[in-house]
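Engineer: Structure for the following, please:
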Amino acid sequence: MAFFRPRVSREAEVRHHADQEVGKSFPEFLEKARQAEAEVRRAQAAAAPVQELRAAGLAFDGALTEALRAAEANQRATFGIKSYDDRIRRRKGRATPKGAEWTAEVNRLRTLREQNRLTGIPRVPRPVTASAR
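Structural biologist: Here you go, the predicted structure:
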């Protein structure tokens with residue numbers, strides 16, 4: 001007696017392979033984020049002008065976003081190909097040691113990015129223009 005076992009969809013296979021490719025670049029993106037963070041800290045320590053601090057903060061935000069996307073791709077790829085179609089498989093994937101490790105990394109990067117967005121990117125006042133009356 002054979003049981004019907006649904007195969008994974010073609011879309012899930014394509015997404016899985018795409019996530020594997022994006023995930024390979026995670027160490028490079030993480031290194032870029034570390035360098036951008038060092039630049040932000042250097043500018044803060046040197047009491048740089050607000051425009052320079054803002055530019056460094058925005059560069060750090062961009063680097064963190066790239067690293068976060070690669071970490072999320074690695075997380076999805078680690079959960080397995082069946083997790084793209086099944087939420088139970090995603091939950092089971094999160095419970096594995098590698099899945100928990102990637103979930104913690106994604107959460108850490110999200111927290112760091114939000115902290116940078118709230119406190120690390122100073123606001124620059126808009127230039128005042130003469131209003132046409």
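Engineer: can you give me the mean pLDDT across stretch 74-81?
Structural biologist: If you average the pLDDT over stretch 74-81, you get 94.
Engineer: And stretch 52-65, what's buried?
Structural biologist: For stretch 52-65, burial by neighbour count (16 or more other CB atoms under 10 Å) applies to Leu53, Arg54, Ala55, Ala56, Gly57, Leu58, Ala59, Phe60, Asp61, Ala63, Leu64. All C-beta atoms are positioned from the backbone trio N, CA, C, and that covers glycine.
Engineer: same question, stretch 18-27
Structural biologist: Neighbour count says stretch 18-27 has Asp19, Val22, Gly23, Ser25, Phe26 buried, by 16+ other CB under 10 Å.
Engineer: what's in contact with that stretch?
Structural biologist: With CB atoms under 8 Å, 6 or more residues apart in numbering as the contact definition, stretch 18-27 has outside contacts at Ala67, Arg69, Ala70, Ala71, Ala73, Asn74, Arg76, Ala77.
Engineer: about what we covered before: tell me which of the buried residues of stretch 52-65 fall in strands.
Structural biologist: Secondary structure from DSSP state E places none of these in strands.
Engineer: In helices only, show me the residues you listed.
Structural biologist: Leu53, Arg54, Ala55, Ala56, Gly57, Leu58, Ala59, Phe60, Asp61, Ala63, Leu64 (DSSP state H).
Engineer: Return the member of those nearest to Leu112.
Structural biologist: Leu64 (6.2 Å; CB to CB).
Engineer: Give me the distance between that closest one and Ala55.
Structural biologist: Distance from Leu64 to Ala55, counting by CB to CB, to the nearest Å: 15 Å.
Engineer: Over to Ala36?
Structural biologist: Counting by CB to CB, the gap from Ala36 to Ala55 is 11 Å.
Engineer: Which pLDDT value belongs to the most centrally placed residue in the chain?
Structural biologist: Taking CA atoms, centre = their mean, the centroid of the chain lies closest to Leu68, which sits 1.1 Å from it. Per-residue confidence (pLDDT) for Leu68: 97.
Engineer: list the contacts for the residue nearest to Ala48 when sequence neighbours are not counted?
Structural biologist: Leaving aside its chain neighbours, Ala48 sits nearest to Ala56 (7.7 Å; criterion: CB to CB, 6 or more residues apart in numbering). Taking CB under 8 Å, 6+ apart, we find Ala56 in contact with Ala36, Glu39, Val40, Ala43, Ala48.
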